[in-house]
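K.L.:
With the input below, show me the fold.
(4 chains)
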Number of protein chains: 2
Amino acid sequence: MFSQACKYAIRAVLYLAVHASEGKKAGVKEIAAALDVPKYFLAKILQQLSRNNLISSTKGPSGGFYLSGQNLEATLKEVVECIDGPDVFNSCILGLPVCSSENPCPLHVQAFAYREGLHYQLKHQAIGDLAKRIEREEQKI
Amino acid sequence: MFSQACKYAIRAVLYLAVHASEGKKAGVKEIAAALDVPKYFLAKILQQLSRNNLISSTKGPSGGFYLSGQNLEATLKEVVECIDGPDVFNSCILGLPVCSSENPCPLHVQAFAYREGLHYQLKHQAIGDLAKRIEREEQKI
DNA sequence: TTAATAAAAGATTTTTTTGTCTTTTATTAT
DNA sequence: ATAATAAAAGACAAAAAAATCTTTTATTAA
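P.N.:
Below is the predicted model of the structure:
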């Protein structure tokens, strides 16, 4: 479903939502250690998210990454599409160039339901709200 | 979700279910052309399926691939797991080593609910029955 | 204003996946 | 028996994804 980079991206964003803020930024080193993820690879991913204004960062001492108020209102759908491209949620599960409700591949109905449910959640839940649930239910990231 | 090899495998098996039989085998060349898929790569995939008794084959003139009665009773779940490994349907969508209903990752509920739907179909529908529907509804493979 | 810090950027390497080509083995029709 | 056929197997190449290392740039605290 998601590339490795995308999985790291989602987890990093959720980590920032829960553990960081403008007054308490988190560095690559901290995030990579907390998530047990390759540091330099994560750095690249964070840069990409930052360039696309999905996360915020400042350089220098006491610098690092965090989510601004605006960032917290974004959704994971945007994060996912930033890393894995815009077709993640609507490409055919069998890779057929034409596959739609009108012209469905043999797995279309099932695959569509599966992915659309996930898509819906990622699209309609703000990252900030998701973070609250994670804290409330003490979920691992 | 599925690797490229797995997508080819599913499509090839369905092609065989619809277009081939013990009396009318299909060669790699025919299948690759019909599905517009790289020939030599497909050959490798068919070999793997054959070694695992998910498809049948015979060498030599008028040889090729087909599905035996037993093969038609198998499911796409078996095909998928033969190519992509046994964890496709129960590994965490975020790649966390521990993620279950008791100890869910932040996306577990959504991912599980919807993936399980796909899993259920692939697990409980025989390839032969699926092929009948494909013919009935004239679906592209 | 300087040294230390940490992200940004660029270049490179490693690993995995995908795709190709060649040789061998089995089968069958002549 | 033999030639033709087609899968099986093995070796190889290309592309993509994942991971690493180095240099540059911006910031800030002393």
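K.L.:
so how far is residue A:76 from residue A:137?
P.N.:
Separation of residue A:137 from residue A:76 (CB to CB, to the nearest Å) stands at 17 Å. For every residue, glycine as well, the C-beta is placed using N, CA and C.
K.L.:
Please say which of the two ends up with more neighbours.
P.N.:
Shown here are residue A:137 and residue A:76; by other CB atoms under 10 Å in any protein chain shown, residue A:76 has more neighbours (23 against 9).
K.L.:
Contacts only, for the residue lying closest to the more buried one once chain neighbours are set aside.
P.N.:
Spatial nearest neighbour of residue A:76, chain neighbours left out: residue A:122 (4.4 Å); criterion: CB to CB, 6 or more residues apart in numbering or on different chains. Residues near residue A:122 by CB atoms under 8 Å, 6 or more residues apart in numbering or on different chains: A:75-77, A:80, B:107, B:110.
K.L.:
Mind doing that once more with 7 Å?
P.N.:
A:75-77, A:80 (CB atoms under 7 Å, 6 or more residues apart in numbering or on different chains).
K.L.:
among those, who's most crowded?
P.N.:
Among the contacts of residue A:122, the one with the most neighbours (other CB under 10 Å) is residue A:80, at 25 neighbours.
K.L.:
How are the strands of chain A distributed by residue range?
P.N.:
Remark: strands assigned in chain A by DSSP state E are A:56-58, A:64-66.
K.L.:
Of those, which stretch is the most buried?
P.N.:
strand A:64-66 (a mean of 22; mean count of other CB atoms under 10 Å in any protein chain shown).
K.L.:
Find the nearest non-adjacent residue to the closest residue to DNA strand C within chain A, please.
P.N.:
Going by CB to the nearest atom of the strand, DNA strand C is nearest to residue A:27 of chain A, at 3.1 Å. Nearest residue to residue A:27, sequence neighbours excluded (CB to CB, 6+ apart): residue A:64, at 4.3 Å.
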